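K.L.:
Got a predicted model here, sequence first, then my questions.
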Amino acid sequence: MLTKRQELILQLIVRQYTTTGRPVGSKDLAEQLPVKASSATVRNEMATLEQAGYLMKQHSSSGRIPAKLGYRYYVDHLLDPQAVSANDLSLIQHSLGSRFQQIDEVISQSATMLSNLTSYTAFSIRSDQREQHLSGFRMVPMGDHQVVAILVTDGGDVESQTYHLPVDLDTEALEAVIRLINDQLKGLPLGQVMQRLQTDIPMQVANYLSQPEGFLELFDHILGQAARERYFVGGRTNLFGFADEYSSEQLQAVYQLMDKNDQMAAILDQPMTNEQSTAVQVRIGNEIADNQALAQSSLITAKYQVPGYGEGLIAVLGPTRMSYSRTIGLVDAFRNELARRLLDQYHHYQE
């Protein structure tokens, strides 16, 4: 554990460096310290912090900058999340207060808005929707033996799939199957519908269709689409605003990683440790993942709960030289507003 003076020095260095991007010297620091200390004393304390791994030098003659261990200590012990300004809160509420047609539009907009507020790259994840209920399934004729299969959930999600009907298909039998699906499965959670599709539903469909495989594959596919996890990215190009913090190889690798939805979603949604089991989690450098592309990054994540409809996650990715206090405050406020907005949207669909 650091002494009180060492903590003050580390705190000031992190705050000044994340604001200016310039190394901090002992003379400037001595003038800012709330306790009296000579520049020689401050220089000695900085040397001690450097030896312990909390600070580092960019050049032999430069001042100090935080090392990853210093950022970690700052976040765990010295950080006071900045209260969200009335203007920022108004922007959040306004951006989420628009009229949306689907839940996914709200989730997508949240990533864009969070990236705009923080100037970093933001992510939003809507967890798999197995708890949503099936509101209805139908097929709309398109001509030339084509139909569009449409599945609707109680969350307002609509999934569709074009289906080519066999020439010899009995359309009356198909209509009977659609009635069967709605009679048997409407109102059930999607997870339970998926289970029924593996047990009794195929046998019941076979009572109407001599070759039920095509229909069952279609229904299984569109059901999986409705239940899948959703992943959205906002402010991809914001990374380039911090190009001096990354090597060109790291920038390219991070940019490519954002297109690997499953891999990036797994990185974002890692379980919190006991030490970090707070509303907002901060991971720095190699704590994020075993991936050198993220070694110079910090990741701030927070889960949001929508009572009765599951949970999701929002995240902000930026350089280790991140404005932690402001960003953590924004993420915390944003997750609460997003949860409220989503609950309102779900209630709107039910009405």
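P.N.:
That came through, no problem.

K.L.:
the longest helix in this protein is where?
P.N.:
helix 324-350 (DSSP state H).

K.L.:
May I see the buried residues of stretch 123-138?
P.N.:
Neighbour counts over stretch 123-138 (16 or more other Cβ atoms under 10 Å) mark 123-137 as buried. C-beta: built from backbone N, CA, C; applies to glycine.

K.L.:
Counting by contacts, list what the longest helix of the chain packs against.
P.N.:
In terms of contacts (3 or more Cβ pairs under 8 Å, 6 or more residues apart in numbering; DSSP states H and E), helix 324-350 is packed against helix 4-20, helix 86-96, helix 103-118, strand 280-284, strand 297-306, strand 310-319.

K.L.:
For it, what does the pLDDT average out to?
P.N.:
For helix 324-350, mean pLDDT rounds to 86.

K.L.:
Tell me how far the closest residue to Val331 other than its chain neighbours lies from Leu114.
P.N.:
Nearest residue to Val331, sequence neighbours excluded (Cβ to Cβ, 6 or more residues apart in numbering): Ala302, at 5.0 Å. The gap separating Ala302 from Leu114 is 10 Å, by Cβ to Cβ, to the nearest Å.

K.L.:
neighbour count winner among the two?
P.N.:
Leu114 (27 against 21; other Cβ atoms under 10 Å).

K.L.:
ok so, going back, identify each buried residue in the longest helix of the chain, please.
P.N.:
Those would be 324-335, 337-339, 341-342, 345-346, for helix 324-350 by 16+ other Cβ under 10 Å.

K.L.:
Gln102 contacts Gly156, correct?
P.N.:
Yes - judged on Cβ atoms under 8 Å, Gln102 makes contact with Gly156 at a distance of 5.3 Å.

K.L.:
Please list all residues in contact with Glu131.
P.N.:
189-191, 309-310 (Cβ atoms under 8 Å, 6 or more residues apart in numbering).

K.L.:
Swap in 6 Å and give it another go.
P.N.:
189, 310 (Cβ atoms under 6 Å, 6 or more residues apart in numbering).

K.L.:
burial of the residue nearest to Met139 when sequence neighbours are not counted, as a residue count?
P.N.:
Nearest residue to Met139, sequence neighbours excluded (Cβ to Cβ, 6+ apart): Val147, at 4.3 Å. When counting by other Cβ under 10 Å, one arrives at 19 neighbours for Val147.

K.L.:
Would you give the sheet partners of the helix or strand containing Val147, along with the direction of each?
P.N.:
Element membership for Val147, per DSSP states H and E: strand 146-153. In the sheet containing strand 146-153, its partner strands are strand 134-143 (antiparallel), strand 158-164 (antiparallel), by DSSP bridges.

K.L.:
Of the ones you listed, which is nearest Phe232?
P.N.:
Closest to Phe232 of those is strand 158-164 (Cβ to Cβ; 17.0 Å).

K.L.:
Give me the contact list for that closest one.
P.N.:
146-152, 218, 222, 225-226.

K.L.:
Equivalent analysis for stretch 112-128, please.
P.N.:
Under Cβ under 6 Å, 6+ apart, the answer for stretch 112-128 is 95, 107, 110-111, 227, 229-235, 238-239, 265, 268, 310-318, 327, 330, 334.

K.L.:
Please list all residues in contact with the closest residue in space to Arg15 that isn't next to it in sequence.
P.N.:
Excluding the flanking residues, the one nearest Arg15 by Cβ to Cβ, 6+ apart is Ser325, at 8.0 Å. Going by Cβ under 6 Å, 6+ apart, Ser325 touches 79, 81-82.

K.L.:
how near is Ser325 to Leu216?
P.N.:
54 Å.

K.L.:
likewise Ala206?
P.N.:
9 Å.

K.L.:
Of the two, give the one with the bigger neighbour count.
P.N.:
Just comparing Ala206 and Leu216: by other Cβ under 10 Å the higher neighbour count belongs to Leu216, 17 against 14.

K.L.:
In three-state terms, label that one for me.
P.N.:
Under DSSP: H, G, I helix; E, B strand; the rest coil, Leu216 falls in the helix class.

K.L.:
contacting residues for it?
P.N.:
Pro202.

K.L.:
Distance-wise, check it relative to Leu223.
P.N.:
For Leu216, the distance to Leu223 - Cβ to Cβ - is 10 Å.
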